[in-house]
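Asker: return a 3D structure for these sequence lines:
(chains A and B)
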Amino acid sequence: DTAVSQTPKYLVTQMGNDKSIKCEQNLGHDTMYWYKQDSKKFLKIMFSYNNKELIINETVPNRFSPKSPDKAHLNLHINSLELGDSAVYFCASSQGQGVITEAFFGQGTRLTVV
Amino acid sequence: AQSVTQLGSHVSVSEGALVLLRCNYSSSVPPYLFWYVQYPNQGLQLLLKYTTGATLVKGINGFEAEFKKSETSFHLTKPSAHMSDAAEYFCAVSDPGGSYIPTFGRGTSLIVHP
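Answerer: Predicted coordinates for the structure are as follows:
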């Protein structure tokens, strides 16, 4: 029973398209994140949500828009995809704001923009 | 602001040899520290964590790490490397006094030779 699941695992699309990545966690956690991992394996936080509310929004283009319909889901929508958006995107969750525990990661979505 | 430095983007060892992966952190308050492992095409998995208490922390797969406040270090060790240990290893820090979002180092790729 997967704790943090992302779909799709692979996504190949053309420049200019709009795409979404879905994430769900069944751990009962209050906090969810999106990280971007570049080709050099560097992990950079993009967004953090706590109980459906945006907590952290790092310097990310406006083309990226997270949506949290409930605290178990955090989806990532990307408009007007660019070549530089190619990366692996990881969803993660942790217990909650103010409670520092480890983050649990999904398997990642490898996005390739051609 | 918190930060993590992992010395050496690649570490190469022979099977059976000692594994030492270095991590130094910067934090304005005593941090919470984590080591994660990422196998190819997978998400990140927690190896071990330090929050408070005993400074020598044991994790999964025979790994351990020691929190040394005076050296601001949290190096990861394993007495005897296995071929299956070949992976990317990430050190991360969470700052209880500020942002609780985990900040990751740039990762160290562990290569194990037969």
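Asker: going forward, measure contacts and count neighbours with C-alpha atoms only.
Answerer: Noted.
Asker: for the helix or strand hosting B:Val57, packing partners?
Answerer: Of the helices and strands defined by DSSP states H and E, B:Val57 is found in strand B:56-58. Taking 3 or more C-alpha pairs under 8 Å, 6 or more residues apart in numbering or on different chains; DSSP states H and E as contact, the helices and strands that strand B:56-58 lies on are strand B:44-50, strand B:64-68.
Asker: closest to chain A out of these?
Answerer: Checking the helices and strands packed on strand B:56-58 against chain A by C-alpha to the nearest C-alpha gives strand B:44-50 as the closest, at 5.7 Å.
Asker: does the closest one come close to chain A?
Answerer: Yes. When contact is scored as C-alpha under 8 Å from any C-alpha of the partner chain, part of strand B:44-50 falls within range of chain A: B:44-46, B:49.
Asker: so what pLDDT did the residue most central in space within chain A get?
Answerer: Relative to the mean C-alpha position of chain A, the nearest C-alpha, by C-alpha atoms, centre = their mean, is the one of A:Trp34, at 3.0 Å. Reading off the confidence values, A:Trp34 has pLDDT 95.
Asker: who touches the closest residue to it other than its chain neighbours in this structure?
Answerer: Beyond its immediate neighbours in the sequence, the residue positioned closest to A:Trp34 (C-alpha to C-alpha, 6 or more residues apart in numbering or on different chains) is A:Cys91, lying 4.7 Å away. Contact partners of A:Cys91, counting by C-alpha atoms under 8 Å, 6 or more residues apart in numbering or on different chains, are A:4, A:6, A:23, A:32-35, A:74, A:105-106, A:108.
Asker: check contacts around the closest residue to B:Gly43 other than its chain neighbours.
Answerer: The spatial neighbour of B:Gly43 that comes closest, neighbours along the chain excluded (C-alpha to C-alpha, 6+ apart), is A:Gln107 at 4.2 Å. Contacts for A:Gln107 were tallied using C-alpha under 8 Å, 6+ apart; they are A:4-6, A:9, A:90, B:41-44.
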